[in-house]
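Participant: whatever this is, show me its structure:
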Amino acid sequence: LEAKALGIRYHPTLDIFTFQLDLPEKLAGQTAWTKRQLLSALSRLYDPLGLICPITVQSRLIFQNLWQLPCGWDDSIPEGQLRAWLAWLKNATDLPEIKIPRSLTPVVGTSKSQHDLIVFVDASQHIMAAAVYLRTIFGNNTAVRLVAAKTKLAPMKKETIPRLELSAALIGTKLARVAQRALQVDVSSYFSDSKNVLFWLRTRDRHL
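Facilitator: Okay, the predicted model is just below:
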C-alpha cells in the first residue's frame, strides 16, 4: 500500500518515503536521447526536501554540461554526455531501495529528549551543497535524522573553490533558518571544512 504526494511515494504501513523514476513507455529503454527528452525525464523526479539530492544533482550537472555544447533541443545529445546520462538512468533504477523514515524523531517513550539542528556545508568545483540534521538525545541514546538538504550547481563561469565554499555556507544558513522555523528547534552547530570560509566568517564586515 502506498500513496503519492508531491511526487513522493509514502508507505503508511512502514511509515517511510521512497522514490521512483517513472519514464513514459516511449522513453523507457531507448538508446538515443535529445535535450528535450532528457529534461522531460528529469521533471518526473520530484524531491522538494532534497532527500535524494546526491542523485538528482548528478543529472542536473549532465544537463548543465549540455548547454555548453552546440546541441539543439531536438538533436541527439553527444556521445560523451549520452554515456553519462544512460549510466545515471541505470543507477536510478535502484531509487526504490532508498527508504527514508517519515518521522524525524524516534519513539522515546516517557524519556525526556533534547533536540538540536546540525548543519553541514561543502562545495566542489561543480556543486555546492548543504544538509541539515536533527539530533535527538534521549537518556543515554542519540538519534540523528536528515531534515532537508539542498544543492546548487556552480555557475558555468568559473569561480574559485573558496568562493564556492562561501556560497555553500550561505545556502546552509538559509536552509537552517527554514528548518528552525518549521521545527521550532535551535541550531547548535554549523560545519565547514574550508578554513578560508571559517576565517571570513570571523572577520569584521568592514574588513570585507
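Participant: from here on, just use CA atoms for contacts and neighbour counts.
Facilitator: Fine.
Participant: so, low pLDDT: which residues of the chain?
Facilitator: For the chain, the stretches with pLDDT under 70 are 5-7, 107-111, 205-208.
Participant: now the helices: where do they sit in this protein?
Facilitator: If you assign secondary structure with DSSP state H, the helices in the chain sit at 35-42, 53-66, 79-92, 161-183, 195-201.
Participant: report the contact partners of the residue nearest to G50 when sequence neighbours are not counted.
Facilitator: Distance criterion CA to CA, 6 or more residues apart in numbering; nearest residue to G50, sequence neighbours excluded, is A149 at 4.6 Å. Remark: with contacts taken as CA atoms under 8 Å, 6 or more residues apart in numbering, A149 is in contact with 49-51, 53, 129-132, 175.
Participant: tell me which residue lies nearest the centroid of this protein.
Facilitator: Within the chain, the residue whose C-alpha comes closest to the C-alpha centroid is C53; the distance, by CA atoms, centre = their mean, is 2.5 Å.
Participant: contacts only, for that one.
Facilitator: Under the criterion of CA under 8 Å, 6+ apart, the contact partners of C53 comprise 47, 149-151.
Participant: out of these, which end up buried?
Facilitator: Burial by neighbour count, judged by 16 or more other CA atoms under 10 Å, picks out 149-151 from those.
Participant: with distance to Q64 as new columns, can these be given to me in CSV?
Facilitator: Below are these laid out as CSV (distance: CA to CA, whole Å):
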residue, distance to Q64
A149, 20
K150, 17
T151, 14
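Participant: these in strands, which ones?
Facilitator: Filtering the buried ones among the contacts of C53 for membership in strands, criterion DSSP state E, returns 149-151.
Participant: of those residues, which is the nearest to W33?
Facilitator: Within these, proximity to W33 (CA to CA) peaks at T151, which comes in at 25.3 Å.
Participant: next, count neighbours for the residue lying closest to the closest one once chain neighbours are set aside.
Facilitator: Beyond its immediate neighbours in the sequence, the residue positioned closest to T151 (CA to CA, 6+ apart) is A129, lying 4.3 Å away. Counted with other CA atoms under 10 Å, the neighbours of A129 add up to 25.
Participant: quick one: buried residues of stretch 140-158?
Facilitator: Of the residues in stretch 140-158, 144-154 count as buried by neighbour count, 16+ other CA under 10 Å.
Participant: C-alpha coordinates for that stretch, PDB please?
Facilitator: Backbone C-alpha positions of stretch 140-158 (Å, rounded to 0.1, in the frame of the first residue of the first chain) are rendered in PDB as follows:
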ATOM      1  CA  ASN A 140      21.900   7.600  27.000                       C
ATOM      2  CA  ASN A 141      20.900   7.300  23.400                       C
ATOM      3  CA  THR A 142      21.300   9.600  20.400                       C
ATOM      4  CA  ALA A 143      19.500   9.500  17.100                       C
ATOM      5  CA  VAL A 144      20.200  11.700  14.000                       C
ATOM      6  CA  ARG A 145      17.800  12.100  11.100                       C
ATOM      7  CA  LEU A 146      18.200  14.100   7.900                       C
ATOM      8  CA  VAL A 147      15.700  17.000   7.800                       C
ATOM      9  CA  ALA A 148      16.500  18.600   4.400                       C
ATOM     10  CA  ALA A 149      19.300  19.100   2.000                       C
ATOM     11  CA  LYS A 150      19.900  21.500  -0.900                       C
ATOM     12  CA  THR A 151      22.300  21.500  -3.800                       C
ATOM     13  CA  LYS A 152      23.200  24.100  -6.300                       C
ATOM     14  CA  LEU A 153      25.300  23.800  -9.400                       C
ATOM     15  CA  ALA A 154      28.300  26.100  -9.700                       C
ATOM     16  CA  PRO A 155      28.000  28.800 -12.300                       C
ATOM     17  CA  MET A 156      29.400  28.000 -15.800                       C
ATOM     18  CA  LYS A 157      31.600  31.000 -15.300                       C
ATOM     19  CA  LYS A 158      34.400  29.500 -13.200                       C
END
